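Novice: I would like the atomic coordinates for the input below:
(one chain, ligands or ions: 2)
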Amino acid sequence: MPHANATALSINLNKIALIRNSREGNFPDVCEHAQRCIDLGADGITVHPRPDQRHIRAEDVRQLAKLVSPQVEFNVEGNPFAPALGSYPGFMALVAETLPAQCTLVPDSDAQLTSDHGFDLRSSATALKPIIAELKQQGMRVSLFMDPDPDQIKRAADIGADRIELYTGPFAAAHKAQAPELAQLLTRFAEAAHAAAELGLGVNAGHDLNLHNLATFRDAVTPLLEVSIGHAFTVDCIAMGMPAAMAAYLERCR
Ligand SMILES: CC(=O)[C@@H](O)[C@H](O)COP(=O)(O)O
Ligand SMILES: NCC(=O)COP(=O)(O)O
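Specialist: Ligands and ions are numbered 1, 2, ... in the order given. Here you go, the predicted structure:
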């Protein structure tokens with residue numbers, strides 16, 4: 001586990017499942033890949049099952065739940081209102097069955113290419129509050145996928161969330177472009193993290209984080225308990241080899 005001021009690194013396996021799904025069979029084996037990540041020092045494993053099961057399938061979540069915990073934390077992300085579809089039993093049914101250490105609730109749909117915004121709790125707080133209570137009652141930590149908006153973050157605290165996950169897509173885009181607004185955007189994220197900590201919320205972050213932008217984000221945004229990284233990590237494993245990629249990401253998290 002990381003030391004006090006470190007940031008836990010949770011590896012997202014969505015893209016391993018995407019490669020697996022492009023052929024019949026079970027190669028690459030998502031569970032074998034998860035074990036390699038754990039053996040190389042990952043602090044957690046993250047997956048994001050969706051009703052269309054475009055990558056992570058419900059059975060992956062079941063098998064990973066048996067493998068990952070209690071070696072490292074298992075984080076399952078998804079839309080809690082996502083309905084059952086075919087062999088996908090629905091998000092709430094799947095996490096009730098597998099009991100991950102953390103659920104990260106994300107307001108996305110199968111119509112989206114990827115997650116691209118945080119919750120608007122002005123409209124969804126009432127529906128989310130009992131969902132959060134139910135997940136916590138089952139022993140799961142609940143994190144809400146949020147934009148860096150202090151008003152929205154206060155609403156997250158008000159409805160019982162344990163943590164927020166700051167959606168870092170806009171930061172990553174601004175960093176890649178070295179946009180003039182990057183410094184101002186980082187300040188927004190830093191203020192959002194500070195506001196969350198003041199409210200007793202843990203702060204996670206994720207989406208499009210990579211070896212080029214992670215240190216910049218961590219230097220500006222504290223406290224930062226966890227980052228979940230998958231897309232860039234998978235590509236870096238191809239380019240650098242998995243041991244070197246893992247070491248590089250862990251170095252930026254310590
Ligand atoms: C919530 C988030 O930003 C990511 O964790 C999400 O898993 C991305 O989903 P895809 O891997 O399907 O793009
Ligand atoms: N919550 C973010 C995550 O799990 C992975 O996002 P990405 O690194 O695949 O963009």
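
Novice: could you pull out the helices in this protein for me?
Specialist: 14-21, 30-39, 58-68, 91-98, 121-137, 150-158, 169-177, 182-198, 214-220, 231-240, 242-253 (DSSP state H).

Novice: now tabulate those in JSON lines and tack on mean pLDDT and mean neighbour count.
Specialist: C-beta: built from backbone N, CA, C; applies to glycine. Compiled in JSON lines, the helices of the chain are given as follows (pLDDT from 0 to 100; neighbours: other CB atoms under 10 Å):
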{"stretch": "helix 14-21", "mean pLDDT": "98", "mean neighbour count": "19"}
{"stretch": "helix 30-39", "mean pLDDT": "98", "mean neighbour count": "19"}
{"stretch": "helix 58-68", "mean pLDDT": "97", "mean neighbour count": "19"}
{"stretch": "helix 91-98", "mean pLDDT": "98", "mean neighbour count": "18"}
{"stretch": "helix 121-137", "mean pLDDT": "98", "mean neighbour count": "15"}
{"stretch": "helix 150-158", "mean pLDDT": "98", "mean neighbour count": "18"}
{"stretch": "helix 169-177", "mean pLDDT": "98", "mean neighbour count": "18"}
{"stretch": "helix 182-198", "mean pLDDT": "98", "mean neighbour count": "17"}
{"stretch": "helix 214-220", "mean pLDDT": "97", "mean neighbour count": "17"}
{"stretch": "helix 231-240", "mean pLDDT": "98", "mean neighbour count": "17"}
{"stretch": "helix 242-253", "mean pLDDT": "98", "mean neighbour count": "18"}
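
Novice: and those helices as JSON lines, adding distance to residue 82?
Specialist: Listed next are these as JSON lines, based on distance: least, CB to CB, whole Å:
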{"stretch": "helix 14-21", "distance to residue 82": "15"}
{"stretch": "helix 30-39", "distance to residue 82": "20"}
{"stretch": "helix 58-68", "distance to residue 82": "11"}
{"stretch": "helix 91-98", "distance to residue 82": "5"}
{"stretch": "helix 121-137", "distance to residue 82": "12"}
{"stretch": "helix 150-158", "distance to residue 82": "20"}
{"stretch": "helix 169-177", "distance to residue 82": "20"}
{"stretch": "helix 182-198", "distance to residue 82": "25"}
{"stretch": "helix 214-220", "distance to residue 82": "28"}
{"stretch": "helix 231-240", "distance to residue 82": "21"}
{"stretch": "helix 242-253", "distance to residue 82": "29"}
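
Novice: wait, which of those helices is closest to residue 74?
Specialist: helix 58-68 (4.2 Å; CB to CB).

Novice: what is the closest one packed up against?
Specialist: On a contact count with 3 or more CB pairs under 8 Å, 6 or more residues apart in numbering; DSSP states H and E, helix 58-68 meets helix 30-39, strand 44-47, strand 73-78, helix 91-98.

Novice: for the helices of the chain, which one sits closest to ligand 2?
Specialist: Closest of the helices of the chain to ligand 2 is helix 231-240, at 3.4 Å (criterion: CB to the nearest ligand atom).

Novice: between that closest one and helix 169-177, how big is the angle?
Specialist: For helix 231-240 against helix 169-177, the angle by axes from the mean of the first three to the mean of the last three CA atoms, to 10 degrees is 40 degrees.

Novice: using PDB, write out every CA atom in helix 231-240.
Specialist: Output in PDB follows, covering the C-alpha atoms of helix 231-240 (Å, rounded to 0.1, in the frame of the first residue of the first chain):
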ATOM      1  CA  HIS A 231      -6.500   3.800 -21.500                       C
ATOM      2  CA  ALA A 232      -3.000   5.400 -21.500                       C
ATOM      3  CA  PHE A 233      -1.600   2.700 -19.200                       C
ATOM      4  CA  THR A 234      -2.600   0.000 -21.700                       C
ATOM      5  CA  VAL A 235      -0.900   1.800 -24.600                       C
ATOM      6  CA  ASP A 236       2.200   2.400 -22.400                       C
ATOM      7  CA  CYS A 237       2.400  -1.300 -21.600                       C
ATOM      8  CA  ILE A 238       2.500  -2.000 -25.400                       C
ATOM      9  CA  ALA A 239       5.200   0.700 -25.900                       C
ATOM     10  CA  MET A 240       7.400   0.200 -22.800                       C
END
